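Visitor: predicted coordinates and the sequence they were generated for:
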Amino acid sequence: MVMVRPFCALQPTKEHVSEVAAVPYDVVNTEEARILAEGKPFSYLHISRPEIDLPLGTDLYSDEVYQKGLDNFRLIQAQAPLIQEETPSLYLYRLRMGEHTQTGVVGCCSVDEYDNNIIRKHERTRKDKEDDRTRHTINLRAQTGPVFLTYRSQDEINNLVNSLTATKPHFDFVAPDGVVHTVWKIPNFAEFVKAFESVPLLYVADGHHRSASASRARAALKAENPNHNGEEEYNYFLSVIFPADQLKILPYNRVVKDLHGQSDSDFMLAVEKAFTLTNDAPASPVNKGEFSMYINKKWYGLTPKEAIDSTNVIASLDVSILQDRLLAPVLGILDPRTDKRVDFVGGIRGTKELEQLVDSKKAAVAFSLYPTTLDDLMNIADAGEIMPPKSTWFEPKLRSGMLVHLI
């Protein structure tokens, strides 16, 4: 049984929602966030990435940054303005990117269910990022961006959603990247709360650091509250819950800065020991278990020579095959989480981005992968396993700032 809890959302007015709503804090770096927020005083990036309003070179984890985030939060609340609903509600949130559409339920999920693995994870988090979002959440007493959850689709919930999306929306705007964001306020949320009680499990699709920091923030606030009773808002975290069959996963591609001291010809010979190479391959692999490699202005197709053990859910992932059979033994990338020689490029940027990085000598070689599937993600989470880093890239991205949960 899954709990979905209505909440009193802090939100912008309809007139200003498109000015406030911003990309998630963790899909842009400081410079990209600064550019996106330039000339947009109400952009939520001023709250989620407050270092953009401080001098260049400011330590991202300094007291000054967290204080600036709080100052900006108060300023935008007053000026945008951001207004808190008087009564709790659930919402629907639909994203449309080209021909792709997905609609999820916005509400609060239980930290207890996260801690007890009813809400399952597939990714290992980094302590520094957890520390940052935990402090940010406690400092603002707000969750600044939703966690992206998924579940195995159920007809009852789909029918409830479909009956509501035919009505007039609460918010509806087109973001600068062309994605259409539409929100409905659910008038009878009890039906949705009841329907989710028949959902056995939820899965974190995107937002592992946000959910982990919600758990840590709850622990800290609980310890400070002698009258804790379990009903406080900090016991729940803001989520958007989508059925798995509506989601779109793009590949998370790899680029490597050098060939680990090898000449081009020696590198190609080393690759050929583990992979069958084909010339003039497509930039994106057509099937699972195939890879495309870009070097010297040419795409090559790679197919592993040694059979894949399909019974091993981790080792049979394409990201694992590439790591175990090429990146580690041939290029010396032993830990992709920490090695600065490897970088990751979300599939939304396309294979032209990979070509540009190699052609400009910013990277020596690039690898285009077939996307991981939702079944892979959920099977690995069910097995209690952890996916390799940068295995999934979900598009379109949720916007932060439209519906904020105060704790």
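Guide: Structure received.
Visitor: can you list the domains in the protein?
Guide: What automatic domain parsing lists as the domains of the chain is 4-249+395-406, 252-370.
Visitor: now those domains as a markdown table including mean pLDDT?
Guide: A markdown table is the format used below for the domains of the chain (pLDDT from 0 to 100):
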| stretch | mean pLDDT |
| --- | --- |
| domain 4-249+395-406 | 96 |
| domain 252-370 | 95 |
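Visitor: show me where the stretch 301-407 of the chain has its helices.
Guide: 318-322, 350-359, 374-382 (DSSP state H, counting those that start in this stretch).
Visitor: which strands and helices lie in contact with the shortest one?
Guide: For helix 318-322, the helices and strands in contact under the criterion 3 or more C-beta pairs under 8 Å, 6 or more residues apart in numbering; DSSP states H and E are strand 291-295. All C-beta atoms are positioned from the backbone trio N, CA, C, and that covers glycine.
Visitor: which secondary structure elements does the longest strand belonging to the chain sit against?
Guide: When the chain is parsed with DSSP state E, its longest strand is strand 100-110. Contacts defined by 3+ C-beta pairs under 8 Å, 6+ apart place strand 100-110 against strand 4-5, strand 91-97, strand 147-151, helix 155-164, helix 189-196, strand 236-243.
Visitor: 6 Å instead, please
Guide: Using 3 or more C-beta pairs under 6 Å, 6 or more residues apart in numbering; DSSP states H and E as the contact test, the elements touching strand 100-110 are strand 4-5, strand 91-97, strand 236-243.
Visitor: highest mean neighbour count out of the ones you listed?
Guide: The highest mean neighbour count among the helices and strands packed on strand 100-110, using mean count of other C-beta atoms under 10 Å, belongs to strand 236-243: a mean of 26.
Visitor: so what strands line up beside it?
Guide: Strand 236-243 pairs in its sheet with strand 100-110 (antiparallel), strand 147-151 (parallel), by DSSP bridges.
Visitor: OK, contacts around residue 355?
Guide: residue 294 (C-beta atoms under 6 Å, 6 or more residues apart in numbering).
Visitor: with adjacent residues omitted, what lies nearest to residue 383?
Guide: Of all residues not flanking residue 383 in the chain, residue 313 sits nearest, at 5.8 Å (C-beta to C-beta, 6 or more residues apart in numbering).
Visitor: and the strands paired with strand 236-243 as JSON lines, adding mean neighbour count and distance to residue 334?
Guide: JSON lines is the format used below for those (neighbours: other C-beta atoms under 10 Å; distance: least, C-beta to C-beta, whole Å):
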{"stretch": "strand 100-110", "mean neighbour count": "22", "distance to residue 334": "36"}
{"stretch": "strand 147-151", "mean neighbour count": "24", "distance to residue 334": "30"}
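Visitor: in the sheet, who's paired with residue 277?
Guide: Per DSSP bridges, the residues bridged to residue 277 are residue 302.
Visitor: any chance you could map the strands in the stretch 251-400 of the chain?
Guide: 252-256, 275-279, 291-295, 298-304, 342-346, 365-368, 393-394 (DSSP state E, counting those that start in this stretch).
Visitor: mind listing what's buried in the third one?
Guide: The neighbour-count criterion (16 or more other C-beta atoms under 10 Å) identifies 291, 292, 293, 294, 295 as the buried residues of strand 291-295.
Visitor: bridged to the last one, which residues?
Guide: According to DSSP bridges, the residues that bridge with residue 295 are residue 298.
Visitor: looking at strand pairing, list the partners for the residue most central in space within the chain.
Guide: Nearest to the geometric centre of the chain sits residue 206, at 3.4 Å (C-alpha atoms, centre = their mean). Beta-bridge pairing for residue 206 (DSSP bridges): residue 148.
Visitor: related to what we said a few turns ago, could you dump the helices and strands packed on strand 100-110 to TSV with distance to residue 321?
Guide: Below are the helices and strands packed on strand 100-110 laid out as TSV (distance: least, C-beta to C-beta, whole Å):
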stretch	distance to residue 321
strand 4-5	37
strand 91-97	29
strand 236-243	28
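Visitor: so which of the ones you listed gets nearest residue 56?
Guide: Smallest distance to residue 56 across the helices and strands packed on strand 100-110 (C-beta to C-beta): 31.3 Å, for strand 236-243.
Visitor: what's the angle between the closest one and strand 91-97?
Guide: Relative orientation of strand 236-243 with respect to strand 91-97: 50 degrees, computed using axes from the mean of the first three to the mean of the last three C-alpha atoms, to 10 degrees.
Visitor: pull the residues that contact strand 236-243.
Guide: Outside of strand 236-243, the residues within contact range by C-beta under 6 Å, 6+ apart are 5, 93, 102, 104-106, 108-109, 143, 146-150, 153, 214, 398, 405.
Visitor: residue 144 versus the spatially closest residue to residue 77 that is not a sequence neighbour, what's the distance?
Guide: Nearest residue to residue 77, sequence neighbours excluded (C-beta to C-beta, 6+ apart): residue 10, at 7.5 Å. Computed with C-beta to C-beta, to the nearest Å, the distance linking residue 10 and residue 144 is 10 Å.
Visitor: these two: who's more crowded?
Guide: Neighbour totals were compared for residue 10 and residue 144, and residue 144 leads with 23 against 19 (other C-beta atoms under 10 Å).
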